[in-house]
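A.B. asks: Following is a predicted model, sequence given first.
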Amino acid sequence: MVYSREDLIEAVSSQMPAKRWEHTKGVMETAVILANRFGADPQKADLAAILHDVAKYWPVEKLREVLEEQGESSELLQYDKQLWHAEVGAIVAERDYGVTDTEVLDAIRYHTSGRVGMSLLDKVVCLADYVEPGRDFPGVNNIRELANHSLEEALAAGFDSTIGHLLSRRQIIFPLTVLARNDLIKQLEANS
Ligand SMILES: Nc1ncnc2c1ncn2[C@@H]1O[C@H](COP(=O)(O)OP(=O)(O)O)[C@@H](O)[C@H]1O
């Protein structure tokens, strides 16, 4: 079955509580604004945003099953379960909803952790997840401010905030986020 945008919205929203769907709508709206601002494809940003949290409320065992079905066992399984929905979201977007665009699938896959060499679309979706209007965490307004002029400055500040939060709670950090953050800083230094 080929899903229209409306069908997709129906299928995704029915898998999460109303509050999380409100968050997703905020990410959709913000991702399109950021895509237009920074030169990414707004249709791809919209599609990735619709699907980014599709697996967020799946039972942990179902998430584990999907990750274990992957050829080599996913490194993610050794890290916090909160991270699993992003990778599973990309797998499900392709498998169940027929998304074939690897740029869109990667933007879903890396929307929580980031990665080294983030594409423009990865950055837009990840930043939209940080700053959509429903988000309220210490420092979010500073990130919104930075997002007015620099995608990389804003996203680096977003990752700093996540890493700082995890450090303050003595939680284990999935290292890809640290590498993603360092990579953004390098990009900023190279362009300064
Ligand atoms: N590198 C990381 N290591 C460990 N936990 C992380 C990492 N990055 C994000 N998280 C945690 O994952 C959770 C989900 O992140 P968030 O971006 O809010 O997800 P969502 O995709 O649902 O919007 C948060 O509790 C965050 O602290």
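C.D. replies: Perfect, I can see it now.
A.B. asks: Can you pull the residues of this protein lying near the ligand?
C.D. replies: 53, 56, 80, 82-83, 111-113, 129, 162, 165-166, 173-174, 177 (Cβ under 6 Å from any ligand atom). Where you see a C-beta, it was placed from the backbone N, CA and C, and this is true even at glycine.
A.B. asks: sec struct for the residue nearest the centre of the chain, please.
C.D. replies: To find the centre residue of the chain, average its C-alpha atoms and take the closest one (Cα atoms, centre = their mean): that gives His111, at 1.7 Å. Classification of His111 by DSSP: H, G, I helix; E, B strand; the rest coil places it in coil.
A.B. asks: how about it, what does it touch?
C.D. replies: Ala48, His52, Ala86, Gly89, Asp122, Val125, Cys126, Asp129 (Cβ atoms under 8 Å, 6 or more residues apart in numbering).
A.B. asks: burial count for the fifth one?
C.D. replies: Taking other Cβ atoms under 10 Å as the criterion, the count of residues near Asp122 is 23.
A.B. asks: thought it was touching Ile108?
C.D. replies: No: with contact defined as Cβ atoms under 8 Å, Asp122 does not count as touching Ile108 (9.4 Å).
A.B. asks: immediately after the lowest-mean-pLDDT helix or strand in the chain, which helix or strand?
C.D. replies: Among the helical and strand segments of the chain, the one scoring lowest on mean pLDDT, DSSP states H and E is helix 60-69, with a mean of 95. Tracing the chain C-terminally past helix 60-69 and defining elements by DSSP states H and E, one meets helix 84-95 next.
A.B. asks: What is that following helix packed up against?
C.D. replies: Of the remaining helices and strands, those touching helix 84-95 by 3 or more Cβ pairs under 8 Å, 6 or more residues apart in numbering; DSSP states H and E are helix 42-51, helix 60-69, helix 102-109.
A.B. asks: From these, pick the one with the highest average neighbour count.
C.D. replies: A comparison of the helices and strands packed on helix 84-95 by mean neighbour count, using mean count of other Cβ atoms under 10 Å, puts helix 42-51 on top with a mean of 24.
A.B. asks: That concludes my questions; thank you for your assistance.
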